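1. What follows is a predicted protein model with its sequence.
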Amino acid sequence: MWGIVNSNYAGSAGLTINPSSLVNSKLYMDIHLLSGDIFVENNYMYIHREDYKLFEILRGNTPTYGKNNNTFDRFINTELKNAYMNIRMQGPSFMLVKGDHAFAFYTAFRSILSLRRMPYEIPNFLYEGLEYSPQHNINYKDYNFNMTNMEWAEFGLTYSRVLYKRGLDRLTGGITLKYLSGFAGGYLSAREIDYVVLDDSTINIHNLDAEIGYSIPVDYQDNDANLSDPFFKGKGFGVDIGVTFSRTKRVAESRTYSKLCRQSYPDYYYKIGFSLMDIGAIKFSDNAQKQKFDNTSAYLDRLDTLNYYNLNQITEYLSSMFYGDPDASLEGNSISIVLPSAFSAQFDYQFIPDWYVNATAILPLRLGKTWIQRPYQLSITPRYENWLYEVSLPVSLYDMRYPRIGLAARFAFLTIGTDKLGGFFGLSDFTGMDIYFSVKINFTKGRCPFTGRSTHCYNAEYGYSSGQGR
């Protein structure tokens, strides 16, 4: 959400990029009601640019492709396939700044699907079926691909404070501690698969070295939904931590204020931030299974005659074919999934009053075998901001190869934006989309409500000069 998170009016929404941003905010308080982000991107399935008509699709008039009348066509090439889906809904949250200290709490629901380095022939078989003859009788050897999905609730507490200030230099730090309740999760981690598809019903697997884990709200014997026993299947903890250095425009004031709203804002020429995000994991111990296939082989035939009625039948069949025992592949009844950990660096520069340009990079960190991998991202976002409205134009490089342009606007309490404007207008083939919004009540430093004017805060940001009022 490049049009929100790096703003000086982001408030509690800025926690998602760097928790030290709280005490640097132009707000002394915000009451966050609701925000959401829906992001989807892939390099396998797409809708042709000339067929993409958003309002027709919303009415249910979708295009069709291929013999199976699929809604999406596919790219026919030999590139490794990647996909990422991120849904984040942030609920009631609150932020308060008092002098050199800031506090916040937030609630959120998150759902992420990450697929990385999937060999091209596997989604082709899923799209066309095993009868896809151009891929028959070819010995495929694939290595190190994974798919991970998790849904969870998040409850966070943040503390941010000024660590150091001398002259025009100011250093702030922040930390967010999170309690995580996992609703569902699953992963496939494949280190090697060496196989040949002989025909539409036969696969000869020479070697399989892979692990599958899952914990989902379904009874594995009868497929009935299992939503209340218990509702959350796992739990865990996470942490975000960050620091920000800023070069301010004037020496920081040491005075105290009788009202929070009278606090001055330390306007800056530039600031540089570094953060670690989503360090942690969730362990699922309820309704969980871990299936492991450790460098084993099997000859799977008559696949077109097999019927499966539940998940246990599938895993027992595979275990029997690979090991001769329906329970041999079951290694445990708990799994752990690592959060989408990342390192981020941010640079923000004010070139004239109220006009800024921001540069931010996000680099994924692998802190476990069963991890959710964020995409690499690099963004440059020019913006204009004041207490009432804000406009930004994020230009980003997704996965370090796909350029995109976005647009975001804030008026008072409402922000709406996208980091991929072309996903709505058919400017290119439709491979994904992004849309986000935020609804919150902002309380700006130096603006006391019900007084009819801004307070005397010695801050050029609000039109004061040399201690004189407007």
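-> Good, I have the coordinates.
2. The stretch 51-200 of the chain: strands as residue ranges?
-> 73-74, 81-90, 93-98, 101-118, 139-166, 169-199 (DSSP state E, counting those that start in this stretch).
3. Okay, now the sheet partners of the fifth one, with direction.
-> Under the criterion DSSP bridges, strand 139-166 sits next to strand 101-118 (antiparallel), strand 169-199 (antiparallel) in its sheet.
4. buried residues in that strand?
-> 142, 145-154, 156, 158-163, 165 (16 or more other CB atoms under 10 Å). No exception for glycine: its C-beta is placed from N, CA and C like everyone else's.
5. As TSV, the strands of the stretch 51-200 of the chain with distance to Y257 and mean pLDDT would be great.
-> Listed next are those as TSV, based on distance: least, CB to CB, whole Å; pLDDT from 0 to 100:
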stretch	distance to Y257	mean pLDDT
strand 73-74	61	92
strand 81-90	29	96
strand 93-98	9	95
strand 101-118	13	96
strand 139-166	15	96
strand 169-199	18	96
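6. what residue ranges in the chain are flagged as low confidence?
-> Within the chain, the ranges that satisfy pLDDT under 70 run 228, 252-256, 450-470.
7. follow-up on the earlier one: okay, the strands of the stretch 51-200 of the chain in CSV with distance to R262 next?
-> What follows is those, written out as CSV (distance: least, CB to CB, whole Å):
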stretch, distance to R262
strand 73-74, 60
strand 81-90, 29
strand 93-98, 11
strand 101-118, 16
strand 139-166, 18
strand 169-199, 19
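8. Quote the end-to-end distance of stretch 362-374.
-> Counting by CA to CA, to the nearest Å, you get 9 Å between the two ends of stretch 362-374.
9. Please enumerate residues in contact with it?
-> The contact list for stretch 362-374 (CB atoms under 8 Å, 6 or more residues apart in numbering) reads 84, 112, 114, 116, 146, 148, 150, 187, 189, 211, 213, 276, 279, 281, 335-344, 375-378.
10. Tell me where the stretch 351-470 of the chain has helices.
-> Taking DSSP state H, counting those that start in this stretch as the criterion, the stretch 351-470 of the chain carries its helices at 422-425.
11. mind listing the strands for it?
-> For the stretch 351-470 of the chain, strands defined by DSSP E, counting those that start in this stretch occupy the ranges 355-364, 377-385, 389-392, 395-398, 402-405, 407-411, 414-418, 432-444.
12. so which of those strands comes closest to V197?
-> Comparing those by their distance to V197 (CB to CB), the top pick is strand 432-444, with 29.0 Å.
13. Also compute the angle for the closest one relative to strand 407-411, please.
-> Put simply, strand 432-444 runs at 30 degrees to strand 407-411, going by axes from the mean of the first three to the mean of the last three CA atoms, to 10 degrees.
14. Partner strands of strand 432-444, with direction?
-> Strand 432-444 is paired, per DSSP bridges, with strand 27-42 (antiparallel), strand 414-418 (antiparallel).
15. Please produce JSON lines containing the ones you listed, extended by mean neighbour count and distance to S396.
-> Below are the strands paired with strand 432-444 laid out as JSON lines (neighbours: other CB atoms under 10 Å; distance: least, CB to CB, whole Å):
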{"stretch": "strand 27-42", "mean neighbour count": "20", "distance to S396": "11"}
{"stretch": "strand 414-418", "mean neighbour count": "20", "distance to S396": "11"}
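16. What is the burial count for the closest residue to T16 other than its chain neighbours?
-> Excluding the flanking residues, the one nearest T16 by CB to CB, 6 or more residues apart in numbering is V5, at 5.5 Å. For V5, the neighbour count with other CB atoms under 10 Å is 23.
17. again, but for A409
-> 13.
18. What of G14?
-> Quick note: G14 (other CB under 10 Å) scores 29 neighbours.
19. What distance do you get for the residue nearest to it when sequence neighbours are not counted to L260?
-> The shortest distance from G14 to any non-neighbouring residue, by CB to CB, 6+ apart, is to S21 (4.0 Å). Distance, S21 to L260, by CB to CB, to the nearest Å: 18 Å.
20. neighbour-wise, which of those two wins?
-> Comparing S21 with L260 by neighbour count (other CB under 10 Å), the higher total belongs to S21, at 31 against 15.
21. got the contact list for that one?
-> Counting by CB under 8 Å, 6+ apart, the residues that S21 touches are 10, 14-15, 160, 174, 242, 244, 273.
22. Which of those residues fall within strands?
-> 160, 174, 242, 244, 273 (DSSP state E).
23. In space, what's closest to the third one - neighbours in sequence excluded?
-> Computed as CB to CB, 6+ apart, the closest residue to G242 that is not its neighbour in sequence is S275, at 3.2 Å.
24. does the one you found really touch F343, like I thought?
-> Yes. Look at S275 against F343 with CB atoms under 8 Å: they come within range, at 7.4 Å.
25. What's the separation between the residue nearest to I31 when sequence neighbours are not counted and Y265?
-> Once flanking residues are discounted, I31 sits nearest to I441: 4.4 Å by CB to CB, 6+ apart. Distance, I441 to Y265, by CB to CB: 18 Å.
26. Kindly report the same for N42.
-> 42 Å.
27. swap in A190?
-> Separation of A190 from Y265 (CB to CB) stands at 52 Å.
28. same deal with D294?
-> 59 Å.
29. Compare those two (neighbour count), which wins?
-> Taking neighbours as other CB under 10 Å, D294 and Y265 compare with Y265 leading, 21 against 13.
30. mind checking which of the strands of the stretch 51-200 of the chain is nearest A408?
-> The nearest among those, by CB to CB, is strand 81-90 at 15.6 Å.
31. As TSV, the contacts of S21 with distance to D219 would be great.
-> Below are the contacts of S21 laid out as TSV (distance: CB to CB, whole Å):
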residue	distance to D219
A10	43
G14	42
L15	37
S160	45
G174	43
G242	43
T244	49
G273	47
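32. Next one: T62 from G332, what distance?
-> 42 Å.
33. Report how many residues lie close to the closest residue to L300 other than its chain neighbours.
-> Spatial nearest neighbour of L300, excluding adjacent residues (CB to CB, 6+ apart): I203 at 4.6 Å. By other CB under 10 Å, the residues close to I203 number 16.
34. start at 17 instead
-> Okay, using 17 as the starting number, the last item reads as I219.
35. List phi and psi for I219.
-> For I219, the backbone dihedrals (degrees, to the nearest 10) come out as phi -130, psi 130.
36. beta partners for it?
-> Going by DSSP bridges, I219 forms beta bridges with V213, L316.
37. got the contact list for it?
-> Residues in contact with I219 (CB under 8 Å, 6+ apart) are 146, 211-213, 315-316, 319.
38. Redo these as a markdown table? Include neighbour count and distance to T376.
-> A markdown table is the format used below for the contacts of I219 (neighbours: other CB atoms under 10 Å; distance: CB to CB, whole Å):
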| residue | neighbour count | distance to T376 |
| --- | --- | --- |
| L146 | 18 | 44 |
| Y211 | 21 | 42 |
| V212 | 15 | 46 |
| V213 | 24 | 44 |
| Y315 | 11 | 51 |
| L316 | 18 | 47 |
| L319 | 13 | 48 |
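39. For M111, state which of those is nearest.
-> Distance to M111, by CB to CB, is smallest for Y211 among those, at 53.0 Å.
40. Determine the number of other residues adjacent to the nearest residue to that closest one once chain neighbours are set aside.
-> What sits nearest to Y211 in space, not counting adjacent residues and going by CB to CB, 6+ apart, is I221, at 4.5 Å. For I221, the count of nearby residues is 18 (other CB under 10 Å).
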